[in-house]
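1. Structure for the following, please:
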Amino acid sequence: MASLSSRPRRASGDDEMAGGEMADVKAARAIPLANRGSDPLAAASTEGPAYGPTLSSAEGRATGQEASERLGPGRALALSDFSPPEITAAERFVRFAYRLGVPGSTLAAPFRKPPKLRLLATVETPLAGDRVSGVALRAGHFLVHGLKAPIAQVDFAPAARLAPPLERMVHGFEWLRDLAASAPREQCMQTAETILSAWLDANPRPGKGAAWNVGNAGKRLLAWMVHAPLILSGPDKALRTRVLSCAADTARWLDRNISRAEDRLNETAGWCAIIAAGLLLPDGKPRRLFGEAGLIRTLGELTSDDGGLLSRSPLGQMEAITLLIDLSACYRATRRDPPQAVEAMLQMLVPPLLSLTHADGSLGNWQGAGAVSAEKVSALVSASGVRTRPLRDARQWGYQRVSAGKAVLQFDAGPPSLARHARSGCASTLAFELSDRGQRIIVNCGGAAFAGGQVPMRVESGLRATAAHSTLVLDDANSTAVLINGKLGSGVSEVEVDRRTLAAERGGTSTRLEASHNGYAQRYGLIHRRILLMRDDGSELRGEDLLLPEGRKGKRGKVPFAIRFHAGPGIELGLSEDGKGAGLALPDGSYWQFLAGAGALEEGELLIEESMWVDGGGRPHATQQLVMQGMVSRGGGSFSWLLKKMG
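-> Alright, predicted model coming up:
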């Protein structure tokens, strides 16, 4: 099949060689990291430090190695083998004419009167909503990330100023899925019709404002198509006519305005709605053909080569999967098979999402997400019909995952997304999360995407900052600029990544991850490199954070640094008597120890500070964090540490 990508496919470290041409491409892409001979976690050690965070020579023999690779922000672009479904020459002409503005009824049946508006099929989506939110709707409230908003007090006007999560709920009609899951249809129809009538009164025709951005309009129309029995089965024929008329108007509005989408994910929502309207409204074949071509093209520009969205957002990943699940249900309702590219995209989207799950199946707190529950992730994957395992090395998406025994390590080893792709973008480069048997030990704060619910809007930018993640911060400055509206600015532009497996003489193996970024190079002349070494039984994580001068000669002076380790919910922290270590008492009764390496605190100290962690329901929890802080020379420095399970 012909490629729709206008940009070449980037070879990753896992690609197999396919002839000399592919070998040349891969060789040009893979750039090794600098000589690591002086790094404590790479070099042989004869004496060892007073504590244990460095790697001895006996444990340092590599058994397998993946080529390191430099990844820039535009590193993974489009799918190279997706094309629209095969169509005849006549269908190609119909699609072209529809794109030029010829009405669908004229193209579908030019010599007869346009048929009456009606739905041609009933859709049954395999994805259920949140029952608790649905019950709250029947009780008269929108429940958005733990915050109740009385329906009677909500302003449905397109220009109304609503908190972003409530705005998406109200104008995107995401609540229909939750309402449908709360009770039998007969008990939900009155609530659905009440809210729908209020919305139609405030939005009688297409216009401007939040109700009429492409993302909300697309999700709203798709929700009406999928959950039509909930809003069209009542005795009010006038309301039914209004809804069908508004649905047709929305579809025509999307036909004309789809190119104005805020980002590729919102554009995907618009195309899915256009196709659904083409499938379920009369004389829709021209619209369906038009939508399929647009959707396949957009899908090719939405993801990296390994299936991760270019926004790097797990919430965006879940939204994309949800859209394609509902669209596939619309196809099956009309006894059609979804295009092969739609099913192939679902197969690609699920493994990267699973790479950010901990051992209990819940999501890590990345790019503004909270700890989305295992039940919600499992239900989504089950509804997709995809059976797969987590992607271990999502190098193009930018995340590394290590599963060792019952422990899981997640590592952000990719540059931040470009501004045009970012959604609640975070300056989280080289941050990590660690869990053991489902208990989160080291986390990121997360929750920026839920701001406007129980998470106050005033802390949204703070939750996206580098300091809200478990990584190193220089001078309390973000490694990448955090801008308004979820966007990111200048900062990290390159990340170098290396992953390998090491064997120990005593048996067993360890996974070694090494990555570096240049986010502080321009301001402070320093490169941050982080090395993580995870034992295969999950009982020990050794780490080292290095600050290396960008040029041959470092700058004079010193700069403040802080290496933050945000502890998971329910963990009690306590400093050791010498102030160079700490104990972590977990809620399940297990105990971990943190030790700073020899020399790591020569000009610094280890502190316990307050922190915050946001769960999957958008509820903030008070937690604590360990902070290694002090002053470091602009000529560079090295800080090693150890996390070890004691029992």
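
2. three-state assignment of Ser510?
-> Using DSSP: H, G, I helix; E, B strand; the rest coil, the three-state assignment for Ser510 comes out as strand.

3. Where does the prediction get shaky in the stretch 451-600 of the chain?
-> Counting by pLDDT under 70, the stretch 451-600 of the chain shows low-confidence ranges at 505, 553-554.

4. Strands along that one, start to end?
-> In the stretch 451-600 of the chain, strands defined by DSSP state E, counting those that start in this stretch lie at 472-474, 495-503, 509-517, 526-535, 540-549, 558-567, 572-575, 581-585, 591-596, listed in chain order.

5. just the angle between the fourth one and strand 509-517, please?
-> Looking back up the chat, that one is strand 526-535. Comparing the axes of strand 526-535 and strand 509-517 via axes from the mean of the first three to the mean of the last three C-alpha atoms, to 10 degrees yields an angle of 170 degrees.

6. Can you name every helix or strand that strand 526-535 contacts?
-> strand 399-404, strand 407-412, strand 472-474, strand 509-517, strand 540-549 (3 or more C-beta pairs under 8 Å, 6 or more residues apart in numbering; DSSP states H and E). (Glycine included, C-beta is placed from N, CA and C.)

7. and the residue lying closest to Ala121 once chain neighbours are set aside, what is it in contact with?
-> Distances taken as C-beta to C-beta, 6 or more residues apart in numbering put Ala333 closest to Ala121, at 4.1 Å, once the chain neighbours are dropped. The contact partners of Ala333, taken as C-beta atoms under 8 Å, 6 or more residues apart in numbering, are 121-124, 279-280.

8. quick one: which of those residues is nearest to Leu295?
-> Each of the contacts of Ala333 was scored against Leu295 by C-beta to C-beta, and Leu279 proved nearest at 12.4 Å.

9. Test my guess that the closest one contacts Arg332.
-> No: using C-beta atoms under 8 Å, Leu279 and Arg332 do not qualify as a contacting pair, with a distance of 10.0 Å.

10. okay, the two: which has more neighbours?
-> Leu279 (23 against 17; other C-beta atoms under 10 Å).

11. quick one: the more buried one from Leu315, how far?
-> Using C-beta to C-beta, to the nearest Å, we find Leu279 at a distance of 27 Å from Leu315.

12. Tell me how many other residues crowd Pro114.
-> When counting by other C-beta under 10 Å, one arrives at 13 neighbours for Pro114.

13. hang on, it packs against Gly284?
-> No: taking C-beta under 8 Å as the contact criterion, Pro114 and Gly284 are not neighbours in contact, 11.8 Å apart.

14. Ala180 sits in which helix or strand?
-> Element membership for Ala180 (DSSP states H and E) is helix 175-182.

15. for this protein, what are the low-confidence residue spans?
-> For the chain, the stretches with pLDDT under 70 are 1-87, 90-91, 93, 95, 105, 107, 109, 111, 505, 553-554.

16. remind me, longest strand of it?
-> As far as residue count goes, and with DSSP state E defining each element, the longest strand of the chain is strand 620-633.

17. what comes up buried for that strand?
-> For strand 620-633, burial by neighbour count (16 or more other C-beta atoms under 10 Å) applies to 620, 623-630, 632-633.

18. Quick check: Ala198 is in a strand.
-> No: residue assignment for Ala198, taken from three-state DSSP, gives helix, which places it outside any strand.

19. partners of Cys542 in the sheet?
-> Rather than Cys, residue 542 is Arg. For Arg542, the residues forming beta bridges with it (DSSP bridges) are Leu533, Leu642.

20. ok, Asn518 touching Ser490?
-> No: Asn518 is not in contact with Ser490 according to C-beta under 8 Å; the separation is 10.9 Å.

21. So which of the two has more stuff around it?
-> Asn518 (19 against 11).

22. count of residues packed around the residue lying closest to Ala228 once chain neighbours are set aside?
-> Computed as C-beta to C-beta, 6+ apart, the closest residue to Ala228 that is not its neighbour in sequence is Leu119, at 5.4 Å. Per other C-beta under 10 Å, the neighbour tally for Leu119 reads 18.

23. Could you verify my assumption that Leu119 touches Leu280?
-> Yes: under the criterion of C-beta under 8 Å, Leu119 lies in contact with Leu280, with a separation of 5.4 Å.

24. How about the contacts made by the closest residue to Ser428 other than its chain neighbours?
-> In space, not counting the residues next to it along the chain, Ser428 is nearest to His469; the distance is 4.4 Å by C-beta to C-beta, 6+ apart. Contacts for His469 were tallied using C-beta under 8 Å, 6+ apart; they are 412, 426-428, 431, 444-445, 564, 566.

25. if I look at His469, how far off is Phe565?
-> Summarising the geometry, the distance separating His469 from Phe565, computed by C-beta to C-beta, is 10 Å.

26. repeat for Pro204
-> Going from Pro204 to Phe565 by C-beta to C-beta gives 54 Å.

27. Between these two, which is the more surrounded one?
-> The residue with the greater number of neighbours, taking Pro204 and Phe565 and applying other C-beta under 10 Å, is Phe565; the counts read 25 against 10.

28. and the closest residue to that one other than its chain neighbours, bridged to which residues?
-> Nearest non-adjacent residue to Phe565, counting by C-beta to C-beta, 6+ apart: Leu626, 4.2 Å away. Taking DSSP bridges as the rule, Leu626 bridges to Phe565, Ile608.

29. Would you mind confirming that Leu626 makes contact with Ile571?
-> No: with contact defined as C-beta under 8 Å, Leu626 does not reach Ile571; the gap is 10.2 Å.

30. how distant is stretch 569-586 from the center of its chain?
-> Taking C-alpha atoms, centre = their mean, to the nearest Å, one finds stretch 569-586 lying 31 Å from the centre of the chain it belongs to.

31. Of all the residues in that stretch, which ones are buried?
-> Buried positions in stretch 569-586, judged by neighbour count with 16+ other C-beta under 10 Å: 569, 571, 573, 575, 580-582, 584, 586.

32. what does stretch 108-124 give?
-> Those buried within stretch 108-124 under the rule 16+ other C-beta under 10 Å are 108, 119, 121, 123.

33. Excluding chain neighbours, give the residue nearest to Gly270 in space.
-> Once flanking residues are discounted, Gly270 sits nearest to Gly218: 3.8 Å by C-beta to C-beta, 6+ apart.

34. need the contact list for the one you found.
-> Under the criterion of C-beta under 8 Å, 6+ apart, the contact partners of Gly218 comprise 254, 266, 269-274.
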